[in-house]
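1. Quick one, what's the 3D model for this:
(4 chains)
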Number of protein chains: 2
Amino acid sequence: MADTRTQILDAAERLFGERGFHGTSVRAITELAGANLAAVGYHFGSKAELLAAVARRVIEPINAAQNAELDRLLARTPDPPVADLVAAFVGPLFDGMPDGDEGGARTSRLIMTILGDPAEEVRAWTGAAEDAVRDRYVAAFGRALPGLSPEELGFRMRGILAVAAVDRAEVHHRPVPGCPAPVPGEAARRWAITFLAAAMSAPPAGT
Amino acid sequence: MADTRTQILDAAERLFGERGFHGTSVRAITELAGANLAAVGYHFGSKAELLAAVARRVIEPINAAQNAELDRLLARTPDPPVADLVAAFVGPLFDGMPDGDEGGARTSRLIMTILGDPAEEVRAWTGAAEDAVRDRYVAAFGRALPGLSPEELGFRMRGILAVAAVDRAEVHHRPVPGCPAPVPGEAARRWAITFLAAAMSAPPAGT
DNA sequence: ATGTAACTCATACGTTCGTTTGAATCGAAC
DNA sequence: GTTCGATTCAAACGAACGTATGAGTTACAT
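-> Alright, predicted model coming up:
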């Protein structure tokens, strides 16, 4: 049995992802973790700091993988094609956490919750590491897509995140009625890369 | 000055969009609306039913516009090209509510909140109307994109919603650091249509 | 003017929230 | 076996929550 701190992180990750930040009570987290109510205050200081810890733990391996994939690409050629850049960026989002995640769905639901939750406390933890990774990809996409304004490139980068996060978040949620339910695993990953590579390769729409 | 019921709907739409369902208190809504705390109970019954009313008011004009655009397209040709279908589906999402919406951002933030909020009460109102519209577009896209499995088509439909909702939701939020900030108005609409038309037109990735 | 229905209001109820407290418990070092 | 830092615990705090109540106010038909 893992230590209390880790079990609280696990429980919080699951519940924040399933019910959002405001929708999850500290009591629900500690109950699921089999820990005492006060353990959150002791180990993390506050509910908001617990969310920051959860978010860090989720995002760090994704960032590391995105960086590694880009390194691998750039080692081969200084100007990788768009499709490879998309795969390198999107792949880690579909891998999610290395272990214990239900096919990455928990992770993505959490990312979706964070993306969707406007509260400052939910967003405050975003650090320099994420920015650095994103900057590297923006630069690489910019070279692969000359003629695209920085603003439109930014729009497309956000589009990538949106598709990946929303789709994965819904794997176990089943919203958007009227469409067939999302598909877990390898198929969705390949669909996303195909979908987004074509999207990124579109000619500039201009201002 | 509009009647109390409308002012509560306006305030609730803004606050639900900005802070989510659980993050918005009935007191905050009535205060912003300049109404009494009990007015929500009197006019809507409960906070959850207020959300349902807000969601209906937001989504109905979007659905109607999507239906009308598709009618217009089908009147011209029985099998419209993908780009036209994308424009017809995405356009109304960028138009948002006809009046008083800050360029549609309020609306989309609300949609994003709903998409991202896993609570059953947030999702319960989705009705037959939305399903019908989506079914019509799924059918039209299916004819325009033969060889695409229903599952992959469902994936792409969700991709459209994700891009539109996330982008618009962030117009006034400024998340995703490392990318230039989102752009309001006409540019984003054209970028989205270009981006998504290329994405939808991609060859099938297969199972 | 008077009755009536629609509405607004101040106030209170019971619950749940995040956080804090101080005592109890544990494990290893000495 | 005692000391001590680290951790866990039950209990309680005040604040904020959604909702309910009943009196008060308005507008209008009669």
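2. Give me the distance between the most centrally placed residue in chain A and residue B:23.
-> In chain A, the centroid-proximal residue (CA atoms, centre = their mean) is residue A:111; its distance is 4.7 Å. From residue A:111 over to residue B:23 the distance is 18 Å, taken as CB to CB, to the nearest Å. The way it works is simple: take the backbone N, C-alpha and C, and place the C-beta from them, glycine included.
3. now do residue A:110
-> Distance from residue A:110 to residue B:23, by CB to CB: 17 Å.
4. likewise residue A:47?
-> 13 Å.
5. more crowded one of residue A:110 and residue B:23?
-> Neighbours were counted for residue A:110 and for residue B:23 using other CB atoms under 10 Å in any protein chain shown; residue A:110 has more, 29 against 21.
6. Name the nearest residue to that one, ignoring sequence neighbours.
-> Once flanking residues are discounted, residue A:110 sits nearest to residue A:17: 3.9 Å by CB to CB, 6 or more residues apart in numbering or on different chains.
7. Pull the number of nearby residues for the one you found.
-> Neighbour number of residue A:17 under other CB under 10 Å is 25.
8. Would you confirm that residue A:47 contacts residue A:28?
-> No - with contacts defined as CB atoms under 8 Å, residue A:47 does not count as touching residue A:28, sitting 11.1 Å away.
9. what about these two, which has more around it?
-> Higher neighbour count among residue A:47 and residue A:28: residue A:47, with 19 against 14, using other CB under 10 Å.
10. who touches the closest residue to the more buried one other than its chain neighbours in this structure?
-> In this structure, residue A:47 finds its nearest non-sequential neighbour in residue A:26, 5.4 Å apart by CB to CB, 6+ apart. Going by CB atoms under 8 Å, 6 or more residues apart in numbering or on different chains, residue A:26 touches A:37, A:40, A:47, A:50.
11. Point out where chain A drops to low pLDDT.
-> Across chain A, the ranges flagged by pLDDT under 70 are A:1, A:96-109, A:112-129, A:166-185.
12. Return the residues of it in contact with DNA strand D.
-> On the criterion CB under 7 Å from any atom of the strand, DNA strand D has as its neighbours in chain A the residues A:3, A:4, A:5, A:35, A:36, A:37, A:38, A:39, A:42, A:43.
13. Kindly give a single PyMOL line that selects the buried subset of those residues.
-> Only the buried entries of the residues of chain A next to DNA strand D go into this PyMOL selection, using 16 or more other CB atoms under 10 Å in any protein chain shown:
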select buried, chain A and resi 4+5+35+39+43
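14. Okay, buried residues for the helix or strand harbouring residue A:133 please.
-> Assigned by DSSP states H and E, residue A:133 belongs to helix A:128-144. Using 16+ other CB under 10 Å as the test for burial, helix A:128-144 gives A:130, A:133, A:134, A:136, A:137, A:138, A:140, A:141, A:144.
15. Turn the residues you listed into CSV, including distance to residue B:57.
-> As requested, the buried residues of helix A:128-144 are arranged in CSV below (distance: CB to CB, whole Å):
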residue, distance to residue B:57
A:130, 36
A:133, 40
A:134, 36
A:136, 43
A:137, 39
A:138, 38
A:140, 43
A:141, 39
A:144, 43
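16. Considering the contacts of residue A:26, which is situated nearest to residue A:9?
-> Residue A:9 has its nearest neighbour among the contacts of residue A:26 in residue A:50, at 7.8 Å by CB to CB.
17. Which stretches in chain A count as helices?
-> A:4-19, A:26-33, A:39-44, A:47-76, A:82-95, A:105-116, A:120-123, A:128-144, A:150-169, A:186-200 (DSSP state H).
18. List the contacts of residue A:29.
-> By CB under 8 Å, 6+ apart, the residues touching residue A:29 are A:8, A:11, A:12, A:15, A:40, A:50.
19. let's see it at 7 Å
-> Counting by CB atoms under 7 Å, 6 or more residues apart in numbering or on different chains, residue A:29 touches A:8, A:11, A:12, A:15, A:40.
20. Could you do residue A:15 as well?
-> By CB under 7 Å, 6+ apart, the contact list for residue A:15 reads A:24, A:28, A:29, A:32.
21. Restrict those residues to those that also contact DNA strand C, please.
-> Applying CB under 7 Å from any atom of the strand to these, those adjacent to DNA strand C are A:24, A:28.
22. And the furthest pair within the contacts of residue A:15?
-> Across those (CB to CB), the longest gap, 9.8 Å, separates A:24 and A:32.
23. Which one of the two is surrounded by more residues?
-> A count of neighbours by other CB under 10 Å puts residue A:24 above the other of residue A:24 and residue A:32, at 23 against 16.
24. Name the nearest residue to residue A:194, ignoring sequence neighbours.
-> Residue nearest to residue A:194 in three dimensions, not counting chain neighbours: residue B:205, with 3.8 Å by CB to CB, 6+ apart.
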